[in-house]
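>>> Model the following, please.
(one chain, ligands or ions: 2)
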Amino acid sequence: MLSRPVFDYNSLNETGNPSRTQPIKTSGLNLILISMTILAIETSCDETAAAVYGETGLLSNVILSQAIHNQFGGVVPELASREHVRSILPIIRGALSDAETSLDQLDGVAVTQGPGLIGSLLVGINTAKGLCYALRIPLVAVNHIEGHIFSINLSREVNPPFIALVISGGHTLLVLVNRFANYQILGRTHDDAAGEAFDKVAKMLELGYPGGPVIDKLAREGNEKFIAFPRALMKSREFDFSFSGLKTAVLYYLKRNTEQHRNRHVADIVASFQAALVDVLVEKTVLAAKNHRINQVVIAGGVARNNYLRQRLSQRAETENLRVFIPEPVFCTDNAAMIAWVGFQKLKQGILSELNIAPVSGMNLATL
Ligand code: KG4
Ligand code: ZN
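Ligands and ions are numbered 1, 2, ... in the order given. Take a look at the predicted model:
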């Protein structure tokens with residue numbers, strides 16, 4: 001077994017601002033032969049998370065969901081950054097302790113570079129840089145969406161090619177995953193993300209934030225056929241989505257009816273909204289798989305926790321002869337385990353980052 005490679009960041013550049021901005025490609029020889037352990041940090045939105053991943057798989061996964069935003073009905077970016085600053089070190093300490101791993105056993109640190117809130121990303125990135133500099137180990141920048149796509153691999157191995165439906169508070173994407181680091185975006189939302197629609201409808205009905213879990217639960221008692229809300233772009237052969245019309249239709253419905261009616265039928269209203277949104281997600285995903293002759297479908301992101309969607313997609317997949325893979329709920333919403341999984345692959349392949357990386361709020365999938 002070879003000894004761990006030591007990164008001398010001082011010799012890379014005296015100014016601490018290396019001129020190269022491309023990921024460092026090493027020969028990978030030293031990196032491949034030793035057994036590796038990576039720490040991952042995720043702070044792109046309102047979860048402060050850290051995880052440790054090694055040759056045997058996931059060793060720990062600690063997530064703190066910031067409760068401070070609940071009272072505002074959505075994430076307040078400035079508050080999110082401050083909460084990350086407060087929590088990041090205890091969360092990392094917790095992840096290392098759960099994994100029974102010490103700092104000097106780490107071979108690298110993976111961190112979410114984007115997409116996400118700039119202030120939030122900065123906290124995770126700077127913490128990761130500090131650790132890498134002090135421990136003289138490599139930094140691995142990870143795309144948050146890439147993390148979501150491969151979150152299924154924390155539960156079971158799914159090898160590309162597959163179709164990934166990434167549905168979260170900030171994103172709605174249909175992606176053809178040809179292989180690791182080779183993606184083709186088939187469709188995306190024109191306006192609101194799927195999770196955002198859940199959150200906004202919940203806000204209209206004063207159900208609290210995040211709206212997805214509340215609607216998921218409440219809808220079970222409702223009649224999904226109570227109101228025929230619009231299914232935008234359902235008939236189009238393209239794979240793009242649009243949810244703002246659905247959100248507005250719910251708003252107008254509430255305006256047209258009395259508060260008494262709303263209170264009596266709140267479960268029916270959310271069940272009808274959820275059915276309209278899920279119908280489009282399921283149809284587009286199945287169509288994408290059939291058009292590209294791919295028989296594996298993966299769903300990911302916070303909305304993939306939705307029970308109605310999980311059930312509807314699984315039923316539909318059976319009749320269409322598709323294999324559907326759904327991550328465990330804890331790996332659907334934001335977490336550092338998924339960043340660790342991608343970071344681990346990159347570390348092994350020698351795809352590393354310089355210490356001058358900056359957060360990229362609108363980072364697209366092909367950037368890294
Ligand atoms: O992936 P995630 O944690 O953060 C982003 O990257 O955006 O997703 C959060 C989103 C929120 O909009 C939340 O309402 C939604 O996921 N969500 C759900 C459920 N659980 C979380 N939506 C529908 N049903 C759920 N059970
Ligand atoms: Zn996410």
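
>>> Count the neighbours of the nearest residue to residue 266 once chain neighbours are set aside for me.
Nearest non-adjacent residue to residue 266, counting by C-beta to C-beta, 6 or more residues apart in numbering: residue 205, 6.1 Å away. Yep, even glycine has a C-beta here, placed from its N, CA and C like the rest. Close neighbours of residue 205, defined as other C-beta atoms under 10 Å, add up to 20.

>>> and whatever residue of the stretch 201-350 of the chain ends up closest to ligand 2, what element?
Closest residue of the stretch 201-350 of the chain to ligand 2, C-beta to the ion: residue 334 (4.4 Å). Under the criterion DSSP states H and E, no helix or strand holds residue 334.

>>> if you skip the residues just before and after it, what's nearest to it?
Nearest one to residue 334, counting by C-beta to C-beta, 6+ apart, is residue 47 at 4.1 Å.

>>> for that neighbour, what are its contacts?
Residues in contact with residue 47 (C-beta atoms under 8 Å, 6 or more residues apart in numbering) are 63, 64, 65, 66, 333, 334, 335.

>>> Just confirm the second one is within a helix.
Right, residue 64. No: assessed with DSSP: H, G, I helix; E, B strand; the rest coil, residue 64 is strand; it does not lie in a helix.

>>> Show me where the stretch 201-350 of the chain has its helices.
With DSSP state H, counting those that start in this stretch as the criterion, the stretch 201-350 of the chain has helices at 211-219, 244-256, 259-291, 307-320, 329-332, 337-349.

>>> As a markdown table, these with mean neighbour count would be great.
As requested, the helices of the stretch 201-350 of the chain are exported to a markdown table (neighbours: other C-beta atoms under 10 Å):
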| stretch | mean neighbour count |
| --- | --- |
| helix 211-219 | 21 |
| helix 244-256 | 15 |
| helix 259-291 | 19 |
| helix 307-320 | 16 |
| helix 329-332 | 19 |
| helix 337-349 | 26 |
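
>>> Just say helix, strand or coil for the residue nearest the centre of the chain.
For the chain, the residue nearest the mean C-alpha position is residue 148 (4.0 Å; C-alpha atoms, centre = their mean). With three-state DSSP as the basis, residue 148 sits in helix.

>>> Does at least one residue of stretch 188-208 sit close to ligand 2?
No: Stretch 188-208 stays clear of ligand 2 (C-beta under 5 Å from the ion), getting no nearer than 8.7 Å.

>>> interface residues of the stretch 151-300 of the chain facing ligand 1?
With C-beta under 6 Å from any ligand atom as the criterion, the stretch 151-300 of the chain meets ligand 1 at residues 168, 169, 170, 195, 198, 199, 210, 211, 212, 213, 216.

>>> Most widely separated two among the residues you listed?
Greatest spacing in those, by C-beta to C-beta: 170 and 216 (18.6 Å).

>>> For residue 362, list the residues it contacts.
Residues near residue 362 by C-beta under 8 Å, 6+ apart: 114, 115.

>>> Return the residues in contact with the residue of the stretch 251-368 of the chain found nearest ligand 1.
Closest contact between the stretch 251-368 of the chain and ligand 1, by C-beta to the nearest ligand atom, is at residue 302 (2.1 Å). If you count contacts by C-beta under 8 Å, 6+ apart, residue 302 has them with 167, 168, 169, 195, 210, 212, 332, 333, 334.

>>> show me the contacts for the first one.
Shown in contact with residue 167 (C-beta under 8 Å, 6+ apart): 193, 194, 195, 281, 299, 300, 301, 302, 303, 304.

>>> Report the beta-bridge partners for it.
Per DSSP bridges, the residues bridged to residue 167 are residue 172.

>>> Could you check how far it is from residue 348?
For residue 167, the distance to residue 348 equals 29 Å [C-beta to C-beta, to the nearest Å].

>>> what does the last one give?
Note on residue 334: its distance to residue 348, by C-beta to C-beta, is 24 Å.

>>> just the third one next, same as before
Applying C-beta to C-beta, the value for residue 169 to residue 348 is 31 Å.

>>> can I get the contacts of residue 167 in CSV with pLDDT and distance to residue 115?
Below are the contacts of residue 167 laid out as CSV (pLDDT from 0 to 100; distance: C-beta to C-beta, whole Å):
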residue, pLDDT, distance to residue 115
193, 96, 11
194, 97, 16
195, 97, 14
281, 98, 20
299, 98, 19
300, 98, 14
301, 97, 12
302, 96, 14
303, 98, 16
304, 98, 18
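
>>> which non-adjacent residue is nearest the residue in the stretch 101-250 of the chain that ligand 1 sits nearest to?
Residue of the stretch 101-250 of the chain nearest ligand 1, by C-beta to the nearest ligand atom: residue 212 (2.1 Å). Leaving aside its sequence neighbours, residue 212 sits nearest to residue 198 (C-beta to C-beta, 6+ apart; 4.1 Å).

>>> Assign that neighbour to helix, strand or coil.
Assigned with three-state DSSP, residue 198 falls in the helix class.

>>> Is residue 83 in contact with residue 68, as I believe?
Yes: checked against C-beta atoms under 8 Å, the pair residue 83 and residue 68 is within contact range at 6.0 Å.

>>> what about these two, which has more around it?
Ranked by neighbour count (other C-beta under 10 Å), residue 83 and residue 68 place residue 83 first, with 22 against 13.
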